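Visitor: dropping the sequence and predicted coords here.
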Amino acid sequence: MAAGKHPGGGRPGRPVVAAKKSSAAGWIIALVTVVLVGGCIGIGVANRDSGGTMVPAPTANERADTVPILAQAAASQGICYGWRLESWYGSAPVSVGSNLGDEVAVVDNPSCPRWVEVVADVRYTSESSESSDYAIVRVTGSPDIDRSDLHAVETGLARFGLDSDRFVDDPGWAVCRAAVALPLLLAETGVVSPAATPSAQPGAAVSPLPAAGSDFWRDRWGWLLVIGGLLLVTALLFTVGLVQRGRQRAAASAGRTQEKA
């Protein structure tokens, strides 16, 4: 046996180095996979939790159209009218307004010793939950108004198609529509006289809501992003695997060449 040669004729140092490099590459790939997949899933979950349970407020036009109608009724009947839209998940109201203006409440307002307000509390559940979306609608008023009269106004909203399902479908539109109906319904109880010059006819047929369409894709863009991230990781792993395989073949070929030499 010639001095200085390994009994196997090879060079044992190279496989150890190659194994270390392969192990390091594996850790890098695993880290990249965790970061990408975790980030995509986090974005999807965040979007699902926020967008899927967010209660939309009335549009600017809906609020702007509602305030003057309530202002005319309040001036004629001597009582304030307002609305309040709340979300089960939020501490602050989604929208509040009255005959005094948008974002001006009638409750505890010195300008409104007598008042009536429609309050809608809407809850949207995530699609992963077994619970259904629902809305609780009630009519409240100042202490001088009997609860039985307020209950009559509350039940009267159904005549305008303003049931809980309508508040779930379009809460912003529904709460403004309910506020406009308050002067007529309260006059029917005898608490106030009919408005002298009504500018709207709450008793008219309710205009149909636009088709809601399928909610299958509601808040699913986050999950599509997750799928895209997984496909990206798969492509990355496949590419890295090909590169590593090519390097291993080149190293093996170079080793055989040196052994022959």
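Guide: Here it is on my side, so go on.
Visitor: next, give phi and psi for T234.
Guide: phi -60, psi -50 (degrees, to the nearest 10).
Visitor: and it, how many neighbours does it have?
Guide: Neighbour count for T234, taken as other CB atoms under 10 Å: 11. In this view, the C-beta of every residue, glycine as well, is placed from N, C-alpha and C.
Visitor: what's the burial count for V67?
Guide: Neighbours around V67, by other CB under 10 Å: 22.
Visitor: that one contacts G101, doesn't it?
Guide: Yes. Between V67 and G101 there is a contact under CB atoms under 8 Å: 5.9 Å.
Visitor: where in the stretch 1-150 of the chain is pLDDT low?
Guide: Residues of the stretch 1-150 of the chain that meet the criterion pLDDT under 70 lie in 1-52.
Visitor: over to the stretch 151-261 of the chain?
Guide: Looking at the stretch 151-261 of the chain by pLDDT under 70, you get 197-224, 256, 258-261.
Visitor: tell me where the protein has helices.
Guide: Using DSSP state H, the helices of the chain run over 13-51, 60-77, 147-156, 164-169, 171-189, 221-260.
Visitor: which other helices and strands does the shortest one contact?
Guide: Judged by 3 or more CB pairs under 8 Å, 6 or more residues apart in numbering; DSSP states H and E, helix 164-169 is in contact with strand 115-123, strand 134-141, helix 171-189.
Visitor: show me what the first one is packed against.
Guide: Strand 115-123 sits against strand 80-87, strand 134-141, helix 164-169, helix 171-189, with contacts defined as 3+ CB pairs under 8 Å, 6+ apart.
Visitor: just to revisit the earlier point, dump the helices and strands packed on helix 164-169 into CSV; add distance to A71 and mean neighbour count as well.
Guide: CSV is the format used below for the helices and strands packed on helix 164-169 (distance: least, CB to CB, whole Å; neighbours: other CB atoms under 10 Å):
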stretch, distance to A71, mean neighbour count
strand 115-123, 13, 23
strand 134-141, 18, 19
helix 171-189, 11, 24
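Visitor: G255 is nearest to which of those?
Guide: Checking these against G255 by CB to CB gives strand 115-123 as the closest, at 68.0 Å.
Visitor: now that closest one and helix 147-156, what's the angle there?
Guide: 50 degrees (axes from the mean of the first three to the mean of the last three CA atoms, to 10 degrees).
Visitor: just give the nearest non-adjacent residue to T125, would you?
Guide: S131 (4.6 Å; CB to CB, 6 or more residues apart in numbering).
Visitor: how about E188?
Guide: In space, and not counting its chain neighbours, E188 is closest to G156: 7.0 Å by CB to CB, 6+ apart.
Visitor: rewinding a little: among the helices and strands packed on helix 164-169, which is nearest G246?
Guide: strand 115-123 (56.8 Å).
Visitor: the closest one pairs with which strands?
Guide: strand 80-87 (parallel), strand 134-141 (antiparallel) (DSSP bridges).
Visitor: quick one, what contacts the nearest residue to Y134 once chain neighbours are set aside?
Guide: The shortest distance from Y134 to any non-neighbouring residue, by CB to CB, 6+ apart, is to R123 (5.7 Å). Neighbour list for R123: T53, S87, W88, Y89, D133, Y134, A135 [criterion: CB atoms under 8 Å, 6 or more residues apart in numbering].
Visitor: how near is R123 to A179?
Guide: 20 Å (CB to CB, to the nearest Å).
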